[in-house]
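Asker: Fold the following and give me the result.
(2 chains)
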Amino acid sequence: MTKAISVAGLHKAFGRTRALDGLDLSVATGEVHGFLGPNGAGKSTTIRVLLGLLRADSGTAELLGGDPWADAVSLHRRIAYVPGDVTLWRDLSGGEVIDLYGRLRGGLDRTRRAELVERFELDPTKKGRTYSKGNRQKVALVAAFASDAELFVLDEPTSGLDPLMEEVFQTCVTEVRAAGRTVLLSSHLLSEVETLCDRVSIVRKGRTVETGTLAELRHLTRTSISAELAGPPNGLAQLPGVHDVEVQGLKVRLQADTDKLDAVLRSLTASGVRSLTSTPPTLEELFLRHYAEEASR
Amino acid sequence: MTDQLAGTGTLLRLALRRDRVMMPVWTLLTTLLVVSMPGALGSVYATAAERARAAASMNANSSMRALYGPVFGDSLGALTAWRGGVYAAVLAAVMSLVVVVRHTREEEESGRQELLSAAMVGRRAPLTSALLAALVADAAVALLVAGGLAGQGVRGALALGLAVAGTGLLFACTAAVAAQLTESARAAKGIAAAVLGAAFVLKAAGDAGTGGGRSALTWASPLGWVENVRAFAAERWWVLLLFVGAVAVQAGAAYVLAGRRDLGMSFLPSRPGPAEGRLGTAGALALRLQRGSVLGWSAGFLVAGVVFGGMADGAADLVGDNDRTREIIERMGGQGGPGVLTDAFLATMAGMFGMVAALYAVSAVLRLSGEESGQRAEPLLANAVGRLRWAGGHLAVAFGGSALILLLAGLGLGLGHGRGLGAAIGATLAQLPAVWLIGALAALLYGAVPQYAAAAWAVAGGVLALGWIGPALNLPQAVLNLSPFAHLPRLPGAQALDWAPPTVLTALAVALTAAGLGALRRRDMIA
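Answerer: Numbers count the residues shown, from 1 in each chain, chains lettered A, B, ... in the order given. Predicted coordinates:
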């Protein structure tokens, strides 16, 4: 499988702040890759390095087989970028900006542009200063999805969009994936990531802490179990991989590491199980674990 | 009613806090313009007889009347009011209109007002607090002018201070009306500034035609009222009532309009733009973004050229009978010979245009900085646009625009003077190497140390100050030579052209620009 993006050991410091501290990222051609992490984790810095706007202090970055710094202009012909906070020129209409970006990227598909303007319900005649936050995002999204790019770099692209437009956005991503394009999607909307992404990388403090498919990531995390037992539980809390045990009479709630489930269930059945609910970890929990670790340090 | 004004005091404190630098600086500059005048004029016209003769010849000269208005007395105070009154009033007006728009329409346009209005803030509080902020600044101007000129006569000083402050407050109210009409703050400032410009033209036209400030055109202009208060020359206090009336009418209109519209809405709807665009390159975008500013500067330079060109002969006649002025003009413009004073005047004007054009060049180059910090450069450069191409577009507009506005200033000087069109255009275009050098320095600062790019303003301002007042202060030539403009040939009227200095300056400009672009290509976009 070829790589659209491969980044290894990326470092970047701004003065004393270490924005990237050995970040790795690998995105296969044709996949939708979720790029997750708390604010200030280094997501946007990574994207800026990939766009050739920042030069990394050390480490390697390869984008579509080229060097993002040295080959910036020729690579950008094959890339569409949507920032999280789109700023427009006050006196240019949305339509003018879409067409300008299209031409600067080497042309855009007129029919697709018209179709996208309609789907996103964008008024392209309004001037930049009069658009709301969500509508500014739409201008950039139409410009991006009307292009023939091979790689879509989307940095929290749906901030300010309403749920209906969020759905239009998800359809667009599904379409470009079906057309064999690659998408790097940085987002805080976990449902969006869960719906769209094939694989996910989680970054924290400028490093990649997890990467893999959602199923793989789930495997690394805890399952919540609540059970009603026939007899009092015995030695549950001492089992390895068991956390947050709460016992109320015969009712038990606990968290178990997914790879230690077997031993936990054995212990429960030893006491006799009347009812059992087991919930796989949501992406939310996955995250909160990483985010909370960040906060507790 | 009190509900409608709830929170006015808090908003006023917020406004004064936000303007805590701009407002005092502007107030002091406005004050200094008139307060420094008696000393400066006293050194040029030392005796009462000299002053009387100067006043008579000023009043007889229609181009001088157009520029400064009539002289109503031969005391130093009267001359101060004549020379500085209208200009201080213009400065106070600009400050006031900026303050009012800044705290009304700009707050609404940016969305900040929504946040404030959701708190305990009455419907009329934003407009009231903005007008009060302008009132505070204008009252400070009135006090400082009155205090600073009290030595020339308390009554005159008070009259002049009140006239200047009255003009400021009047245009604060004009801006308050304009802010209700348009959706964009920029357009609101534009409308108020256009009214101010029209007021100046009315006054100038009236004074040019009729002496003594008696023309109906002069009376139609608030700036005409400033001179007609006749500070330090049997003051006419009732004229100040005109300011009170105009303020009341306009403020009333602004409140009525504000009461009839929703937050963020306006009476002049903003026009929609095209649904499809024709812009296709970074260069075309740069030209489009800077188009308005190039057109504005072009119109200003052309009109100013015509005005100063028309004054050339009259100015030469005037200074002809004053040794000290002639000496200053000659120091700035060349030596001896018949008809040389007109040439010297034109050369001085050409130099002025050059130094002001340097301000344009800096503003145009620093658009790059604004685009980067406004986060508009980043998505643009994420397209297939190289940094050099992007920056090159803006620099081409800056350097080409400098050439265009100087050409138009020369054209205006020649047309206004009525002869020597080619020489006038040559004289203004000869300023170009120094203008480019300052623009190139801005490009270098932006490319190499973008966070300090604004230092280019200080350089351009310093050069302007050096050229403007340096000769009058008898500064040593070595200091004057720090300005690149000091090395340019004095045109028209230079005996033999020395091509070496302009060539060196141009080469330096090219080198600095190249260095700036090289640095830009290597550095991070800091956004």
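
Asker: Only C-alpha atoms from now on, for both contacts and neighbour counts.
Answerer: OK.

Asker: how many other residues sit next to the closest residue to chain A within the stretch 251-400 of chain B?
Answerer: Nearest residue of the stretch 251-400 of chain B to chain A, counting by CA to the nearest CA: residue B:277, 3.8 Å away. Per other CA atoms under 10 Å in any protein chain shown, the neighbour tally for residue B:277 reads 18.

Asker: Regarding it, which helix or strand does it belong to?
Answerer: With elements taken from DSSP states H and E, nothing contains residue B:277; it lies in neither a helix nor a strand.

Asker: Could you tell me which residues make contact with the residue of chain A most remote from its centre?
Answerer: Computed with CA atoms, centre = their mean, the residue of chain A farthest from its C-alpha average is residue A:231, at 44.6 Å. Residue A:231 sits next to A:250, A:271, A:272 when contact means CA atoms under 8 Å, 6 or more residues apart in numbering or on different chains.

Asker: Just the buried residues from these, in ChimeraX please.
Answerer: In ChimeraX, a selection of the buried entries from those looks like this (16 or more other CA atoms under 10 Å in any protein chain shown):
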select /A:271
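
Asker: Once you drop chain neighbours, what's closest to residue A:180?
Answerer: Using CA to CA, 6 or more residues apart in numbering or on different chains and skipping residues adjacent in sequence, the residue nearest residue A:180 is residue A:30, 4.9 Å away.

Asker: The one you found: what secondary structure?
Answerer: coil (DSSP: H, G, I helix; E, B strand; the rest coil).

Asker: Residue A:99: neighbouring residues, count only.
Answerer: Residue A:99 has 24 neighbouring residues, counting by other CA under 10 Å.

Asker: From what I see, it and residue B:281 are in contact.
Answerer: No: taking CA atoms under 8 Å as the definition, residue A:99 is not a contact partner of residue B:281, at 10.5 Å.

Asker: Show me which residues of stretch B:368-375 are buried.
Answerer: B:368, B:369, B:372, B:373, B:375.

Asker: now stretch B:32-44
Answerer: Across stretch B:32-44, burial judged by 16+ other CA under 10 Å covers B:32, B:33, B:34, B:35, B:37, B:38, B:41, B:42.

Asker: Just the ones of the residues you listed in helices?
Answerer: B:32, B:33, B:34, B:35, B:37, B:38, B:41, B:42 (DSSP state H).

Asker: Give the other helices and strands that the helix ranked longest in chain B contacts.
Answerer: Counting residues, the longest helix found in chain B (DSSP H) is helix B:282-320. Judged by 3 or more CA pairs under 8 Å, 6 or more residues apart in numbering or on different chains; DSSP states H and E, the packing partners of helix B:282-320 are helix B:48-60, helix B:62-68, helix B:323-333, helix B:340-365, helix B:387-417.

Asker: rewinding a little: mind checking how far the residue nearest to residue A:180 is from residue A:14?
Answerer: 33 Å (CA to CA, to the nearest Å).

Asker: And these two? Which one has more around it.
Answerer: Counting neighbours by other CA under 10 Å for residue A:30 and for residue A:14 shows that residue A:30 has the greater number, 21 against 10.

Asker: and the more buried one, what does it touch?
Answerer: Residues near residue A:30 by CA under 8 Å, 6+ apart: A:177, A:180, A:181, A:182, A:183.

Asker: which of those are buried?
Answerer: Here, 16+ other CA under 10 Å leaves A:177, A:181, A:182, A:183 buried among these.

Asker: By mean pLDDT, which helix or strand of chain B comes out lowest?
Answerer: Using mean pLDDT, DSSP states H and E, the weakest-scoring helix or strand in chain B turns out to be helix B:323-333, at a mean of 59.

Asker: Give me the contact list for stretch A:169-186.
Answerer: Residues contacting stretch A:169-186 (CA under 8 Å, 6+ apart): A:4, A:27-36, A:43, A:145, A:149-158, A:192-193, A:196.

Asker: what's around the residue of the stretch 1-150 of chain A found nearest chain B, how many residues?
Answerer: Of all residues in the stretch 1-150 of chain A, residue A:96 sits closest to chain B, at 3.8 Å by CA to the nearest CA. Other residues lying near residue A:96 total 25 when counted by other CA under 10 Å.

Asker: picking that back up, how about the residue of the stretch 251-400 of chain B closest to chain A, nearest residue that isn't a chain neighbour?
Answerer: residue A:96 (3.8 Å).

Asker: Just to be sure, that neighbour is in a strand?
Answerer: No: in this structure, residue A:96 is helix, not part of a strand, as judged by three-state DSSP.

Asker: Can you tell me how far the residue of the stretch 1-150 of chain A closest to chain B is from residue A:28?
Answerer: From residue A:96 to residue A:28 the distance is 34 Å (CA to CA).

Asker: do the same with residue B:382
Answerer: 21 Å.

Asker: Neighbour count: these two, which is higher?
Answerer: residue B:382 (28 against 18).

Asker: Where does the record place the domain boundaries for chain B?
Answerer: B:1-268, B:280-527 (automatic domain parsing).

Asker: Lowest average pLDDT across the ones you listed?
Answerer: In terms of average pLDDT, domain B:280-527 trails the rest of those, at a mean of 86.

Asker: distance between that one and the chain's centre?
Answerer: Averaged C-alpha coordinates place domain B:280-527 at 15 Å from its chain's average position (CA atoms, centre = their mean, to the nearest Å).

Asker: can you map out the helices along chain A?
Answerer: A:43-50, A:72-76, A:94-104, A:110-119, A:133-145, A:163-178, A:190-196, A:214-219, A:261-271, A:283-296.

Asker: Could I get the contacting residues of the spatially closest residue to residue A:161 that is not a sequence neighbour?
Answerer: Excluding its sequence neighbours, the residue lying closest to residue A:161 (CA to CA, 6+ apart) is residue A:134, at 4.8 Å. The neighbours of residue A:134, taking CA under 8 Å, 6+ apart as the test, are A:158, A:159, A:160, A:161, A:162.
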